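A.B. asks: Fold the following for me, if possible:
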Amino acid sequence: LRYRQALLGWIWAIANPLARLIVLSFLFTRVVPLGIENYAVFVFTGLIAWQWFSSGLMSATTSAVDRRELLFRPGMPRVAVPVVSVLTDGLDYLAAFPLLILFLLLSNGIPLTALVLPVLLLLQVLLTLGLGFIFCSANVHFRDVHLLVNVATLLGWYLTPVFYEPRAVPESFRWMLAVNPMAQLLSAYRAVLIEGRLPSAGPFLLLALACIALFAIGLSIYRRTSPLFVDEL
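C.D. replies: Numbers count the residues shown, from 1 in each chain. Predicted coordinates for the structure are as follows:
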């Protein structure tokens, strides 16, 4: 439905990340070189993952307000509203994924470790849904929440190593990356797709536990608060 009336259809799903890729590649290979090998592949891997996270989180946050008519339908599982919002934005990731495969083939090929990618995608879904459940519940009662999330994702774009390497961050600020699940996820994406290695077991286990815990907490909060949504909406 999002692209049905558009003349170029699904091409718009990759237009945004492709435009950002062109600008970032020009800036950080020509204007301010960062010295990152295969920068186009590096940045595009992080770019499409971050775009899915930020757009999915925003969609989930506003889903109960934007799709309130679904919550009024008898028999409609309330939990489906934010879930569908996140998965719908995930279709844009899938649309851009063939382009990522092309970039990988033109650089160093696709390593065998890319088979781990579905696990990373699942963790990202759990992370996005967990936060989305929490913010969706809060946004029904306080409509400032979606504005706060918008600002937070804007800042997160710069605070998460989407277009730069984590090692470029000064040592005194690297704790911000350590507590940022998306920073850990982007490192894992690049490890399995570009570097051809599995993520370090310890940090990856902590990341998986954090994503699962956030999902469980968010789902619990949403289930407790969603019966009250109708009164607020």
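A.B. asks: going forward, measure contacts between C-alpha atoms and count neighbours the same way
C.D. replies: Noted.
A.B. asks: Skipping its backbone neighbours, what lies nearest the residue nearest the centre of the chain in space?
C.D. replies: With distances taken as C-alpha atoms, centre = their mean, Phe53 lies nearest the centre of the chain, 1.8 Å away. Nearest non-adjacent residue to Phe53, counting by C-alpha to C-alpha, 6 or more residues apart in numbering: Thr128, 6.2 Å away.
A.B. asks: wait, doesn't that neighbour sit right on Leu57?
C.D. replies: Yes: counting by C-alpha atoms under 8 Å, Leu57 is a contact partner of Thr128 at 5.7 Å.
A.B. asks: okay, and the common contacts of the two?
C.D. replies: Here Thr128 and Leu57 share the contacting residues Val86, scored by C-alpha atoms under 8 Å, 6 or more residues apart in numbering.
A.B. asks: thinking again about what came up before, quick check, the residue nearest to the centre of the chain in contact with Leu121.
C.D. replies: No: in this structure, Phe53 is not within contact of Leu121 by C-alpha under 8 Å, at 10.5 Å.
A.B. asks: could you measure Trp50 against Ala213, distance?
C.D. replies: Per C-alpha to C-alpha, to the nearest Å, Trp50 is found 20 Å from Ala213.
A.B. asks: Ala64 now?
C.D. replies: Plainly put, Ala64 is 23 Å away from Ala213 if you go by C-alpha to C-alpha.
A.B. asks: higher neighbour count, these two?
C.D. replies: With neighbours defined as other C-alpha atoms under 10 Å, Ala64 and Ala213 compare such that Ala64 has more, 26 against 15.
A.B. asks: Quick one: residues contacting that one.
C.D. replies: When contacts are counted by C-alpha under 8 Å, 6+ apart, Ala64 touches 71, 81-82, 136, 140, 229.
A.B. asks: and which of those is nearest Phe26?
C.D. replies: Using C-alpha to C-alpha, Pro82 comes nearest to Phe26 of the contacts of Ala64, at 36.4 Å.
A.B. asks: could you check the distance from the closest one over to Val65?
C.D. replies: Taking C-alpha to C-alpha, one finds Pro82 at 11 Å from Val65.
A.B. asks: Likewise for Pro118?
C.D. replies: Taking C-alpha to C-alpha, one finds Pro118 at 31 Å from Val65.
A.B. asks: Between the two, which has more neighbouring residues?
C.D. replies: Legend: neighbour count by other C-alpha under 10 Å for Pro118 and Val65, higher for Val65 (18 against 10).
A.B. asks: Quick check: closest non-adjacent residue to that one.
C.D. replies: What sits nearest to Val65 in space, not counting adjacent residues and going by C-alpha to C-alpha, 6+ apart, is Val140, at 6.6 Å.
A.B. asks: Test my guess that that neighbour contacts Asp231.
C.D. replies: No: taking contacts as C-alpha under 8 Å, Val140 lies outside contact range of Asp231: 9.9 Å.
A.B. asks: More neighbours: the two, which one.
C.D. replies: Neighbours around Val140 and Asp231, counted as other C-alpha under 10 Å, are more numerous at Val140. The numbers are 24 against 9.
A.B. asks: Let me know the secondary structure of that one.
C.D. replies: Assigned by DSSP: H, G, I helix; E, B strand; the rest coil, the conformation of Val140 is helix.
A.B. asks: List the contacts of it.
C.D. replies: Remark: with contacts taken as C-alpha under 8 Å, 6+ apart, Val140 is in contact with 64-65, 229, 232-233.
A.B. asks: In a markdown table: those residues, plus distance to Ala13, pLDDT and secondary structure.
C.D. replies: Below are those laid out as a markdown table (distance: C-alpha to C-alpha, whole Å; pLDDT from 0 to 100; DSSP: H, G, I helix; E, B strand; the rest coil):
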| residue | distance to Ala13 | pLDDT | secondary structure |
| --- | --- | --- | --- |
| Ala64 | 24 | 90 | helix |
| Val65 | 24 | 90 | helix |
| Phe229 | 32 | 82 | helix |
| Glu232 | 34 | 73 | helix |
| Leu233 | 31 | 68 | coil |
